[in-house]
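Participant: Kindly return the folded structure for what I paste below:
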Amino acid sequence: MMQTSSKIELPPPFPDHTQLPFEDGSFVKNFQEHPQSLLLTDSIGSILQQRHPDGQYAIGQDCGIYWRQTDPPEKGAEAPDWFYVPNVPPLLDGEIRRSYVFWRELMAPLVALEFASGDGSEERDATPLGMVQDSEAVRPGKFWVYERIIRIPYYGIYEIATQKLEVYHLVDFAYRPLTANARGHYAIAPLRVELGLWDGTYQNQTQRWMRWWDIEGNLLLIGDERAELERQQKELAQSQLKECALNLLREEMDVEKVARMTGLDLEQVSAIARENHE
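Facilitator: Sure thing, here's the model as predicted:
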């Protein structure tokens, strides 16, 4: 007896980052958000380069993390203000990421940070999936999604208005508040860095900002700060060399020999010698 096979209809594949919306039309909530993200990214760059010499990591700034399929798609995404994902390529097939599609890469961010413009209730919302109110499904809360579904190990909430920072650590599948150390910082152990608050000016704004420190409590510098530090160190080194040259000249050492010993130009040493005789 002949058997006929029927065609099996397979479900469509899960969409990727090129097929999903990458913006929801909402405004950035305040003028501090973008500078704050840049400050965090710039200062931790050297740490991440050491941790990932192959360059396999991604940083998202107000980008969607898709964790479930919904209609419309945006309801199945959360967009941390800043997050870092280890061990994933920064580009996908040579294309800039439009969003982070969790069901395709299955690698959770290690750190997610939210800059709360309000009282932080949205960022602490632990409403679970499946809640119904007035016969309509309630969107699950951001805190619950990060804790129970994506399982982000470190989650920080900074209330801009009150200048309050709190950091949670995922322990036994639940978030536990981290305790600040003696410096008032929160240790992110896998990165050997600390997260804390810093008073200063950045991008023409004098504010209290979130910033990174190394595990010894040294502030991780941004590009401008590193350049200024190098300039100061160079000036100090030059000053020390000139002082050394002056001492050698006072011992009646030959100008050319002083130049060779200090590494200063012959003209510089000659100028120091003239100043010494004036």
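Participant: Flag the shaky bits of the stretch 151-278 of the chain, pLDDT-wise.
Facilitator: Within the stretch 151-278 of the chain, the stretches with pLDDT under 70 are 229, 258, 278.
Participant: any chance you could map the helices in it?
Facilitator: 223-250, 255-262, 266-277 (DSSP state H, counting those that start in this stretch).
Participant: Could you check the angle the helix or strand where residue 43 lies makes with helix 223-250?
Facilitator: Following DSSP states H and E, one finds residue 43 within helix 33-51. Helix 33-51 runs at 60 degrees relative to helix 223-250, counting by axes from the mean of the first three to the mean of the last three C-alpha atoms, to 10 degrees.
Participant: For helix 33-51, give me every contacting residue.
Facilitator: Contacts to helix 33-51, defined as C-beta atoms under 8 Å, 6 or more residues apart in numbering, come from residues 28, 55, 57, 59, 61-62, 81-82, 84, 86, 113, 115, 191-193, 202-203, 205, 209-212, 214, 219-223. In this view, the C-beta of every residue, glycine as well, is placed from N, C-alpha and C.
Participant: Run the chain-centre distance for that helix.
Facilitator: The chain centroid and the centroid of helix 33-51 are separated by 4 Å under C-alpha atoms, centre = their mean, to the nearest Å.
Participant: What's the mean pLDDT across it?
Facilitator: If you average the pLDDT over helix 33-51, you get 95.
Participant: Name the residues of it that are buried.
Facilitator: 33, 36, 37, 39, 40, 41, 42, 43, 44, 47, 48 (16 or more other C-beta atoms under 10 Å).
Participant: just to revisit the earlier point, quick one: buried ones out of the contacts of helix 33-51?
Facilitator: The neighbour count (16+ other C-beta under 10 Å) marks 57, 59, 61-62, 81-82, 84, 86, 113, 115, 191, 193, 202, 209-212, 220-222 as buried among the contacts of helix 33-51.
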